[in-house]
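K.L.:
Build me a model:
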Amino acid sequence: MGTELVDAPPALVLESVSKSYGDVVAASSLGLRAAPGELLTLIGPSGCGKSTVLRLVAGLERPDAGTIEIGGQVVAGARGWQPPERRRAGLVFQDHALFPHLSVHDNVGFGLDRLSRRDRSARIGEVLDLVRMGSLASRFPHELSGGEQQRVALARALAPRPVVMLLDEPFSSLDENLRAQVRADTVAVLRETGTTALLVTHDQTEALSTGDRVVVIRDGAIEQADTPQRVFESPATRFVASFMGEADFLPANVHDALLTCEIGVVSTVPGWADCDVDVDVVLRPHEVALAADPASSARVVAVEYHGAFVLHTVSLGSGRTLRSWQPHSVRHPVGTTVSASVAAGITPTLLVGDLAVTSPPPR
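P.N.:
Take a look at the predicted model:
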């Protein structure tokens, strides 16, 4: 995403948006902005509120409080309410929601009634060509594969030129290989058209590989909204660290800028001089190096072959476990005593309580 998008007025704004269903809080004072052309991926556990965010933006639900703006226009809030058809928001569902009695051509043209017949036909042809479905315009949904149906759903949502596209787990019903291809094609179309998009997913890899920013939601609140790299490498909370990939947590201590835990000296911590602070250190499996060591009290207790990599689970002397990814050519059989260390160049995340810290806590 270029700098010009960051400096442009936001395509979507949520300010202090809240929504509850009885005693269940689905959205709690949410604040979020999306720049023109930005792709945000929303992820969190089932029932965390991520799909509710899409429904609130689409106008399928009314917020209990707060304001929603699309393209600079207030669509929900104290100053007014706009129904879904007036929001300039496209919506793509998991089940595609195509009209079974309409052809591909007529499905795509369903929301273009305000255009002249000539302009409507031209726009339908344009978006079908964009998703490479022009040759199948006369077919009906039941004559299409799952991936083709998804392309038609995307074309239909793009046809009215929405300011923001909302995609609710659109690839989850497809098999793994097809899902990757359709996802790549969808992202390419969104990039080509410069369309702002919110993509709800339950797949951590999809969230990290697709979004310009990843929005991690828990219990109706945003835990972290940041670049994929920072969400994975610099998680803001213990929850984000564990939810966005495999992570182990070891008690550690920072003393005079030296971080030490059960496996030894982990790293130096610049800016922590003259400190003596207990923390937890977050270690992901790819950050943990192993070496056979007959004198060590740590022992390999499980080995999982994953093709290119092998996951080793190590029981430390304290009884805590630590996981380590190793290349497929490196295997330490179950029962092997090993020494564990942090791979060179890694700056692990430190937690005080459930929050990540980058500077010493106040004394």
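K.L.:
which residue is nearest the middle of this structure?
P.N.:
Note on the chain: the residue nearest the mean C-alpha position is residue 207, at 3.0 Å, using C-alpha atoms, centre = their mean.
K.L.:
Quick check: that one vs residue 88, distance?
P.N.:
Applying C-beta to C-beta, to the nearest Å, the value for residue 207 to residue 88 is 25 Å. In this view, the C-beta of every residue, glycine as well, is placed from N, C-alpha and C.
K.L.:
same thing with residue 27?
P.N.:
Taken as C-beta to C-beta, the span from residue 27 to residue 88 is 21 Å.
K.L.:
Could you check which of these two has the larger neighbour count?
P.N.:
residue 27 (27 against 16; other C-beta atoms under 10 Å).
K.L.:
for the closest residue in space to residue 65 that isn't next to it in sequence, phi and psi?
P.N.:
Beyond its immediate neighbours in the sequence, the residue positioned closest to residue 65 (C-beta to C-beta, 6 or more residues apart in numbering) is residue 18, lying 4.5 Å away. Dihedral pair for residue 18: phi -130, psi 150, per degrees, to the nearest 10.
K.L.:
ok, now which ones touch residue 79?
P.N.:
residue 67 (C-beta atoms under 8 Å, 6 or more residues apart in numbering).
K.L.:
so what's it scoring on pLDDT?
P.N.:
For residue 79, the model assigns a pLDDT of 80.
K.L.:
shouldn't residue 310 be in contact with residue 304?
P.N.:
Yes: contact status for residue 310 versus residue 304: in contact at 6.9 Å, counting by C-beta atoms under 8 Å.
K.L.:
So which of those two has more stuff around it?
P.N.:
Taking other C-beta under 10 Å, residue 310 and residue 304 do not tie; residue 310 has more neighbours (18 against 11).
K.L.:
Tell me which helix or strand the more buried one sits in.
P.N.:
Assessed by DSSP states H and E, residue 310 sits inside strand 309-315.
K.L.:
residues in contact with that strand?
P.N.:
Contacts of strand 309-315 with the rest of the structure, by C-beta under 8 Å, 6+ apart, involve 285, 290, 298-304, 321-328, 330-332, 338, 340.
K.L.:
And this protein, what are its domain boundaries?
P.N.:
The record's domain parsing of the chain by automatic domain parsing lists 3-236, 248-357.
K.L.:
From the chain's centroid, how far away is the last one?
P.N.:
When distances are taken as C-alpha atoms, centre = their mean, to the nearest Å, domain 248-357 is centred 26 Å away from the chain's centroid.
K.L.:
average model confidence for it?
P.N.:
Taken as a whole, domain 248-357 has an average pLDDT of 95.
K.L.:
now do stretch 38-47
P.N.:
Across stretch 38-47, the per-residue pLDDT values average to 96.
K.L.:
Just give me how far the longest helix along the chain sits from the chain centre.
P.N.:
Ranked by residue count, the top helix of the chain under DSSP state H comes out as helix 176-193. On the basis of C-alpha atoms, centre = their mean, helix 176-193 sits 15 Å off its chain's mean C-alpha point.
K.L.:
Could you list the residues in contact with it?
P.N.:
Where contact means C-beta under 8 Å, 6+ apart, the residues beyond helix 176-193 that reach it are 37, 39, 130-132, 146-147, 150-151, 154, 158, 165, 167, 170-172, 174, 195, 197, 206, 210.
K.L.:
Generate a ChimeraX selection restricted to the buried entries among those.
P.N.:
Per 16 or more other C-beta atoms under 10 Å, the buried members of the contacts of helix 176-193 correspond to this ChimeraX selection:
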select :37,39,130,131,150,151,154,158,165,167,170,171,174,195,197,206,210
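K.L.:
Which of the contacts of helix 176-193 fall in strands?
P.N.:
The members of those that map onto strands under DSSP state E are 39, 165, 167, 197.
K.L.:
Do I have it right that the third one meets residue 195?
P.N.:
In other words, residue 167. No: when contacts are counted by C-beta under 8 Å, residue 167 is not listed as touching residue 195 (10.5 Å).
K.L.:
Send me the strand holding residue 310 as PDB with only the CA atoms.
P.N.:
Presented in PDB, the C-alpha positions along strand 309-315 are these (Å, rounded to 0.1, in the frame of the first residue of the first chain):
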ATOM      1  CA  PHE A 309      10.000 -29.100   8.400                       C
ATOM      2  CA  VAL A 310       9.900 -31.300  11.500                       C
ATOM      3  CA  LEU A 311       8.300 -30.100  14.700                       C
ATOM      4  CA  HIS A 312      10.100 -31.200  17.900                       C
ATOM      5  CA  THR A 313       8.500 -30.900  21.300                       C
ATOM      6  CA  VAL A 314      11.000 -30.600  24.100                       C
ATOM      7  CA  SER A 315      10.300 -31.100  27.800                       C
END
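K.L.:
wait, what's in contact with residue 122?
P.N.:
By C-beta under 8 Å, 6+ apart, residue 122 has no neighbours at all.
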